[in-house]
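**Q** Take this sequence and fold it.
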Amino acid sequence: MLDESISFTRPFSGTVTFDIINSGDKKEIYDSIKGPIILESKDMAEVMFLTKVIGNYNINKIGNTFIFENNGWAVALKRK
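**A** Numbering: from 1, shown residues only. Model (predicted):
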């Protein structure tokens with residue numbers, strides 16, 4: 001993690017970089033991001049790809065923001 005962004009690298013899949021928007025309690029993060037959870041097929045494909053790259057986290061997309069959550073903690077990230 002550098003500055004206010006984070007990058008994940010996986011062999012043969014390249015690097016995925018995100019800007020860190022916010023982190024904290026899961027409920028607080030969801031309350032701070034406005035808009036509905038996106039469930040379109042393109043967005044679901046991105047979420048499935050990220051699950052393979054990053055690991056088994058609950059990942060949702062609201063607008064252009066991905067929320068990664070685990071054990072009551074969440075991080076809101078925007079893909080660069």
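
**Q** going forward, measure contacts between C-alpha atoms and count neighbours the same way
**A** Will do.

**Q** now the farthest one out in the protein, which residue is it?
**A** F12 (20.5 Å; CA atoms, centre = their mean).

**Q** A helix includes that one, no?
**A** No - F12 is assigned coil when assessed by DSSP: H, G, I helix; E, B strand; the rest coil, not a helix.

**Q** give me the low-pLDDT residue ranges for this structure?
**A** Applying pLDDT under 70 to the chain flags the ranges 1-3.

**Q** Where do the strands of it begin and end?
**A** Secondary structure of the chain (DSSP state E): strands located at 5-10, 14-25, 58-62, 65-70, 73-79.

**Q** starting at the chain centroid, how far to the third one?
**A** If you compare the mean C-alpha spot of strand 58-62 with that of the full chain, they lie 6 Å apart, counting by CA atoms, centre = their mean, to the nearest Å.

**Q** so what's the residue sitting nearest the centre point of the chain bridging to?
**A** For the chain, F66 is the residue whose C-alpha lies nearest the centre (CA atoms, centre = their mean; 3.2 Å). Applying DSSP bridges to F66 gives these bridge partners: K61, L77.

**Q** For it, give me its contacts.
**A** Residues in contact with F66 (CA atoms under 8 Å, 6 or more residues apart in numbering) are I59, N60, A76, L77, K78, R79.

**Q** Most tightly packed of the strands of the chain?
**A** Neighbour counts (mean count of other CA atoms under 10 Å) averaged over each of those peak at strand 65-70, with a mean of 21.

**Q** That strand vs strand 73-79, what angle?
**A** 150 degrees (axes from the mean of the first three to the mean of the last three CA atoms, to 10 degrees).

**Q** quick one on the thing from earlier: with F8 as the reference, measure out to the residue nearest to the centre of the chain.
**A** For F66, the distance to F8 equals 14 Å [CA to CA, to the nearest Å].
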